[in-house]
Every structure is written in C-alpha cells, then in structure tokens.
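> quick one: sequence and predicted model below, then my questions.
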Amino acid sequence: MRGVGVWLFVMVLAPVAGGAQEVALPPSLIDDLDAARTTLEDLGQRFVGTEILRGGRTFRDVGALLESRRIRGLSVLRHPGNAHGGEVPMCVMQGRFREGDPATGCMALMMDGRELSQAQAETIAPERLAAVVVLTRREATRLLGSLGRRGAVLLYPPGGSP
C-alpha cells in the first residue's frame with residue numbers, strides 16, 4: 001500500500017524509586033542506544049526521562065539538571081564571571097579537570113542531529129526536553145565517532161532526535 005507509513009511508539013518499564021513506571025521514549029533514543037551498544041539499564045542515573053524533567057522541580061539549565069543527578073565521574077564546570085553569555089559559561093566533562101591534560105575537556109552536546117555549544121545548551125530549559133542521556137567516552141565514540149571522544153550528552157526534544 002502506497003502512502004502508508006509505520007509509526008513506532010515504544011513503552012518501556014523502567015525502575016523508578018523502587019517501583020515501575022511507564023516511560024515513553026523517543027524512537028531515535030532506542031536507535032542511538034543500539035548504535036552506542038548500551039541499554040537503559042546500563043545507563044542508570046545517566047538517563048533522565050520525563051518523570052524527572054516534568055516532575056515539578058525546575059532547573060536553570062542542563063548543567064544544573066546533570067549536577068542534581070550526581071552522576072559518578074561527571075563534572076559540570078562554570079567559568080567564573082562568565083555566567084550566561086560568556087565565552088565558556090559551562091563545561092560538562094567526565095572525570096576531574098586537570099590543566100594541561102588533553103583527555104579532559106568538554107563533552108559533546110547533541111540535539112536534533114547537531115552539536116550545540118556549551119553556551120547554547122545553557123539556554124535550553126530542561127523541562128522542555130523529552131529525555132537526556134549521558135554517554136561515556138566509549139559509548140559516545142561508537143555513536144558519534146571522534147566527536148564523542150570525550151563523552152556526550154544527548155538532548156532529546158519532544159518528537160525529535162538528538
């Protein structure tokens with residue numbers, strides 16, 4: 001039949017605070033997790049879904065949201081004196097910052113298939129997102145190639161892809 005498309009809507013039961021809750025996931029998120037060779041279960045605290053994004057608590061930006069998750073090994077640095085509008089207002093990174101260490105640096109921030117600057121990401125209201133995923137260096141490299149060499153934060157808008 002011509003002109004007939006197939007729509008995929010995925011419902012996943014994910015453990016939340018000791019119980020199970022239905023979580024609607026953007027279809028592109030499932031594809032990205034497959035490409036990164038990881039699962040929602042593997043992500044744990046590195047996955048932020050609508051139950052948190054729309055849970056009544058507001059976050060000033062994506063960095064504040066990630067800080068609230070207390071993800072092991074993840075740091076959100078803010079350049080002193082450059083809040084909102086400076087050259088590098090926020091830097092999301094894995095591990096601790098060590099000056100002169102080429103392995104440290106800002107993670108790639110992706111939304112709608114393109115990389116965002118750290119300053120652009122700071123202007124996105126987390127409650128307007130469908131999901132946020134933090135990928136390790138290995139997972140991000142599998143998905144993004146050399147762009148993911150420092151890890152990645154994937155931002156999924158409602159109905160879109162990172």
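The structure has been received and is ready for your questions.

> in the sheet, who's paired with Leu116?
Using DSSP bridges, the bridge partners assigned to Leu116 are Leu109.

> against Arg54, how distant is it?
Taking Cβ to Cβ, to the nearest Å as the criterion, Leu116 is separated from Arg54 by 21 Å. Where C-beta positions appear, they are placed from N, C-alpha and C, glycine not excepted.

> the more surrounded of the two?
The neighbour count for Leu116 versus Arg54, taken as other Cβ atoms under 10 Å, is higher for Leu116 (19 against 13).

> my guess is the more buried one meets Cys106, correct?
No - under the criterion of Cβ atoms under 8 Å, Leu116 makes no contact with Cys106, lying 10.8 Å away.

> so what sits against both of those two?
Overlap between the neighbourhoods of Leu116 and Cys106 is empty, taking contacts as Cβ atoms under 8 Å, 6 or more residues apart in numbering.

> where does pLDDT dip in this structure?
Residue ranges of the chain with pLDDT under 70: 1-24, 79-89, 96-104, 160-162.

> quick one: the strands in it?
Counting by DSSP state E, one finds strands in the chain at the ranges 10-16, 19-25, 47-48, 74-77, 91-94, 108-111, 114-116, 131-135, 152-156.

> I'd say Pro158 and Asp112 touch.
No - taking Cβ under 8 Å as the definition, Pro158 is not a contact partner of Asp112, at 11.6 Å.

> any idea how far Ala35 is from Val132?
Relative to Ala35, Val132 is positioned 17 Å away (Cβ to Cβ).

> these two: which has the busier surroundings?
Applying other Cβ under 10 Å to Val132 and Ala35 shows that Val132 carries more neighbours, namely 23 against 12.

> which residue, other than its chain neighbours, is closest to that one?
Val48 (4.1 Å; Cβ to Cβ, 6 or more residues apart in numbering).

> what's the neighbour count on the one you found?
Other residues within reach of Val48, judged by other Cβ under 10 Å, total 25.

> same check, this time on the one 3 residues further on
A count of nearby residues for Glu51, using other Cβ under 10 Å, gives 13.

> one more: Ser28?
Counted with other Cβ under 10 Å, the burial measure for Ser28 works out to 18 neighbours.

> you'd agree it is up against Pro157?
No - Ser28 lies out of contact with Pro157 (Cβ under 8 Å); the separation is 10.3 Å.

> tell me the contacts of the nearest residue to Arg69 once chain neighbours are set aside?
Spatial nearest neighbour of Arg69, chain neighbours left out: Gln45 (5.2 Å); criterion: Cβ to Cβ, 6+ apart. Residues in contact with Gln45 (Cβ under 8 Å, 6+ apart) are Arg69, Arg70, Ile71, Arg72.
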